[in-house]
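Student: sequence? don't have it. structure:
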């Protein structure tokens, strides 16, 4: 029996929570450890995870007929990792997450011409509603345009490229192969930078980096698996939930202020995500009703 869209939605929600926890650990580390070192530790953890998962079949996971696409996806991940760790170490979690999620609109816009997916008016409506919620949270003009924020906008574009390339690869490649190529490309990209800028972390920072590695690796696995089971434009709005998780954890752990506008925007974002979940489940049931059970 093949798992379908509802399972993909649950995996996507789990991935969002894991990614927010990862961001919280990154923020707790702060500027004490440079982004390349954190990315390097996370990549090493990814290889350990894959080695335990495959139990001796490690080298086989690199077998592919699409090495070029894997390297491109890996470069998106490598540059995105550096930007990600830089942005979340310096910006408030809610602000960084909201800017990061302007990528969802790019993903929905590109899903048709790039992946050939059919994006109906309901998905467009839910996505645009979620984007409106993002604007309510950000309230343009209230945030200073500095380097961390500019890098956050780059991260949003990069994230859209990651989403689309991941979905494309999942059509022909197993999850472990995608993760393996992401890991080796990120390692090759970040290792020289990390060695040149290396500083020895404290015990506390080391523990936090390990937690970053664990949550980030599991989140990536859940995210790749979700995109395997559903259209990119159907999964993308679910990522809005990350804003809600980030706002709650930022308020709880880092005493970041959440005002009424932020709550309103988060409510709109959450509503759009849940609508997409319900709509996708309904479409799956309708398709199943029209086709023989095989």
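Tutor: Yes, it's here. None of the values given here were measured: they were computed from a predicted structure.

Student: give the next helix or strand downstream of the lowest-mean-pLDDT helix or strand in the chain.
Tutor: In the chain, the helix or strand scored least confidently by mean pLDDT, DSSP states H and E is helix 232-235, which has a mean of 66. Using DSSP states H and E, the helix or strand that follows helix 232-235 in sequence is helix 241-254.

Student: which secondary structure elements does that following helix sit against?
Tutor: helix 5-29, helix 93-100, helix 121-138, helix 260-290 (3 or more Cβ pairs under 8 Å, 6 or more residues apart in numbering; DSSP states H and E). Every C-beta, even on glycine, is put in place using the N, C-alpha and C of the backbone.

Student: please redo it, this time with the cut-off set to 6 Å
Tutor: Counting contacts by 3 or more Cβ pairs under 6 Å, 6 or more residues apart in numbering; DSSP states H and E, helix 241-254 is packed against helix 5-29, helix 93-100, helix 260-290.

Student: how about those helices, which one is nearest residue 120?
Tutor: helix 260-290 (9.0 Å; Cβ to Cβ).

Student: what mean pLDDT does the closest one get?
Tutor: Per-residue pLDDT over helix 260-290 has a mean of 70.

Student: if I look at residue 248, how far off is residue 167?
Tutor: 28 Å (Cβ to Cβ, to the nearest Å).

Student: and the two? Which one has more around it.
Tutor: Neighbours were counted for residue 248 and for residue 167 using other Cβ atoms under 10 Å; residue 167 has more, 24 against 15.

Student: tell me which element the more buried one is part of?
Tutor: Under the assignment here (DSSP H and E), residue 167 is part of helix 147-170.

Student: pull out the buried positions in that helix.
Tutor: Within helix 147-170, the residues that count as buried by 16 or more other Cβ atoms under 10 Å are 148-149, 151-153, 155-156, 158-170.

Student: check which helices and strands that helix sits against.
Tutor: Using 3+ Cβ pairs under 6 Å, 6+ apart, helix 147-170 is in contact with helix 67-90, helix 93-100, helix 103-115, helix 203-229.

Student: again, 7 Å this time
Tutor: helix 67-90, helix 93-100, helix 103-115, helix 203-229, helix 232-235 (3 or more Cβ pairs under 7 Å, 6 or more residues apart in numbering; DSSP states H and E).

Student: list of residues touching the second one?
Tutor: For helix 93-100, contacts defined as Cβ atoms under 7 Å, 6 or more residues apart in numbering pick out 23-24, 27, 87-88, 134, 137-138, 143, 149, 152-153, 155-156, 159, 242-243, 246-247, 249-250, 254, 256, 262.

Student: give me that answer again for 6 Å
Tutor: 87-88, 134, 137-138, 152, 155-156, 242-243, 246-247, 250 (Cβ atoms under 6 Å, 6 or more residues apart in numbering).

Student: so what's the residue count around the residue nearest to residue 17 when sequence neighbours are not counted?
Tutor: Spatially, and ignoring its direct neighbours in sequence, residue 17 is nearest to residue 245 (5.6 Å; Cβ to Cβ, 6 or more residues apart in numbering). Residue 245 is flanked by 21 other residues according to other Cβ under 10 Å.

Student: please apply the same query to residue 255.
Tutor: Neighbours around residue 255, by other Cβ under 10 Å: 7.

Student: quick check: it vs residue 27, distance?
Tutor: 12 Å.

Student: returning to that earlier point: just say which of the helices and strands packed on helix 241-254 is most tucked in.
Tutor: Ranked by mean neighbour count under mean count of other Cβ atoms under 10 Å, those are led by helix 93-100, which reaches a mean of 26.

Student: can you redo the helices and strands packed on helix 241-254 as JSON lines with distance to residue 68?
Tutor: Shown next, in JSON lines, are the helices and strands packed on helix 241-254 (distance: least, Cβ to Cβ, whole Å):
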{"stretch": "helix 5-29", "distance to residue 68": "26"}
{"stretch": "helix 93-100", "distance to residue 68": "27"}
{"stretch": "helix 260-290", "distance to residue 68": "31"}
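
Student: between those, which gets nearest to residue 118?
Tutor: Nearest of the helices and strands packed on helix 241-254 (Cβ to Cβ): helix 260-290, 10.6 Å.

Student: name the nearest residue to residue 219, ignoring sequence neighbours.
Tutor: residue 18 (3.3 Å).
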